[in-house]
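Chemist: Quick one: sequence plus predicted model below, questions after.
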Amino acid sequence: MRARLAVTLVLIALTGTGVSAAQDSPLSIHGLGMPGRFESVRARATGGAFAAFDPLSALSAAPAAAVGRYTATAAGAASYLKDDLNGVTGTRRTGRFPLFQVLGTLGHRVVVGGGFTTYLDRSYRVLIADTIMLDGSGQAVTDAISSDGGVTDARLVLARRWGRLLVGAGFHLLTGSTRVSAVRTFTDTSTYRGVSEADEVAYRGAGYSASAVLILPTVTVTGFARTDTRLTSEVDGAEVAVNDLPRTIGGAIRLQPSPDFGFAASLIRRSWASAADSNAYNTTSWSAGADVRLAGVPLRVGARGGDLPFGPGGRAPREFAVAAGSGLALSQGRAVIDFAVERLRRTGVGLTETGWTALVGLTLRP
């Protein structure tokens with residue numbers, strides 16, 4: 001009964017008329033949520049173009065083989081966004097810690113590591129003003145639907161280097177939970193009492209990945225693939241939903257004509273269409289960026305774009321972002337602070353979302 005009430009109110013939220021306000025993107029409401037980004041701050045500053053070659057990112061395992069000492073990295077992000085949903089506007093601020101990774105050498109050119117990153121974000125709050133029929137008359141109500149949490153990707157990777165070839169594999173444990181609540185209040189409080197319900201939805205799943213990097217004198221190429229099984233959702237230990245998760249395939253190229261200049265581009269395809277209902281779509285995303293050193297100071301710029309997997313209206317939402325950033329090395333490179341800023345634009349049926357994200361990353365090599 002409680003699950004039925006929550007589902008009913010969510011359907012009202014998705015089909016009714018009124019005012020909507022979200023903690024994260026309104027697109028988090030549809031499908032399974034908003035996919036996370038598996039990039040370190042320094043890779044994010046290039047639009048994600050260098051993520052497939054970056055051992056500190058969580059996109060693929062093979063680059064970890066380039067690590068020569070114990071390394072730990074963490075990232076924090078703060079966003080300010082503005083939404084225009086069918087002429088109704090709103091602003092919001094969010095804060096996240098989307099990435100943590102630890103890598104270490106085992107000898108014989110073998111590196112092992114692990115950490116976590118955001119796989120799906122399911123954080124939102126929606127307010128719906130509507131009128132329903134009770135006893136033959138219309139009654140004004142307000143529905144508040146909220147969700148806080150998401151799915152985390154905890155990964156374990158193993159990588160090895162053979163000369164110019166790096167190979168790696170990863171096991172991914174998908175876990176996490178969301179706190180979901182549904183509240184209905186009546187304008188006529190003297191006649192009707194409000195109703196509310198809250199539950200915690202727990203998630204579990206798994207995935208496997210493999211990748212390889214080939215390093216040539218001025219060109220480096222990489223390919224990576226990942227398959228995730230199914231995402232099981234449970235409430236109070238009872239299974240309430242099982243969704244297929246996508247297969248991912250991608251590739252990237254990096255040009256390094258000199259030590260002070262590098263350019264990279266990547267292309268990634270994910271099969272999200274089987275994950276949910278008719279509002280789920282397969283996605284293709286791209287990124288391109290440069291990493292330049294001016295008097296020893298890194299300058300990183302890049303852009304990315306492509307499809308988003310969930311949204312109403314019969315077509316995939318789109319996003320485009322540009323980014324820039326730099327970094328500061330301390331203690332002879334044992335500590336590195338990276339920072340980046342990103343300008344984002346998302347468009348869907350009836351929705352335009354714009355915003356800024358500031359990111360800070362800390363890397364330690366003791």
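Modeler: It's in.
Chemist: Am I right that Q332 is in a helix?
Modeler: Yes. The assignment for Q332 (DSSP: H, G, I helix; E, B strand; the rest coil) places it in a helix.
Chemist: Scan the helices and strands of this structure for the one with the lowest mean pLDDT.
Modeler: helix 2-15 (a mean of 36; mean pLDDT, DSSP states H and E).
Chemist: Tell me the helix or strand right after it.
Modeler: The helix or strand immediately downstream of helix 2-15 is strand 34-35, counting by DSSP states H and E.
Chemist: what helices or strands is that following strand leaning on?
Modeler: Where contact means 3 or more Cβ pairs under 8 Å, 6 or more residues apart in numbering; DSSP states H and E, strand 34-35 is packed against strand 110-121. Where C-beta positions appear, they are placed from N, C-alpha and C, glycine not excepted.
Chemist: The strand it packs on: which residues count as buried?
Modeler: Within strand 110-121, the residues that qualify as buried are V111, V112, G113, G114, G115, F116, T117, T118, Y119, L120, D121, counting by 16 or more other Cβ atoms under 10 Å.
Chemist: same check, this time on stretch 308-328
Modeler: So stretch 308-328, judged by 16+ other Cβ under 10 Å, has buried residues 308-312, 316-317, 319, 321-325, 327.
Chemist: and if you look at stretch 78-90?
Modeler: Quick answer for stretch 78-90 (16+ other Cβ under 10 Å): S79, L81, D83, L85.
Chemist: for that stretch, the distance to its chain's centre please.
Modeler: The chain centre lies 19 Å from the centre of stretch 78-90; the measure is Cα atoms, centre = their mean, to the nearest Å.
Chemist: Stretch 192-212 now?
Modeler: 15 Å.
Chemist: in that stretch, what's buried?
Modeler: Neighbour-count burial for stretch 192-212 [16+ other Cβ under 10 Å]: E197, D199, V201, A202, Y203, R204, G205, G207, S209, A210, S211, A212.
Chemist: Just put these in CSV and tack on secondary structure, distance to S146 and pLDDT.
Modeler: Below are the buried residues of stretch 192-212 laid out as CSV (DSSP: H, G, I helix; E, B strand; the rest coil; distance: Cβ to Cβ, whole Å; pLDDT from 0 to 100):
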residue, secondary structure, distance to S146, pLDDT
E197, strand, 11, 88
D199, strand, 12, 91
V201, strand, 12, 93
A202, strand, 17, 95
Y203, strand, 17, 96
R204, strand, 23, 96
G205, strand, 24, 96
G207, strand, 28, 97
S209, strand, 33, 97
A210, strand, 38, 98
S211, strand, 38, 98
A212, strand, 43, 98
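Chemist: which of those residues lies closest to P63?
Modeler: Nearest to P63 out of the buried residues of stretch 192-212 is S211 (Cβ to Cβ; 7.9 Å).
Chemist: What's opposite the closest one in the beta bridge?
Modeler: G168, F224 (DSSP bridges).
Chemist: for Y203, same thing?
Modeler: Counting by DSSP bridges, Y203 is bridged to G176, S233.
Chemist: same deal with the one 4 residues further on?
Modeler: Bridge pairing for G207 (DSSP bridges) gives the partners H172, D228.
Chemist: That one contacts D228, doesn't it?
Modeler: Yes. At 3.7 Å, G207 counts as touching D228 under the criterion of Cβ atoms under 8 Å.
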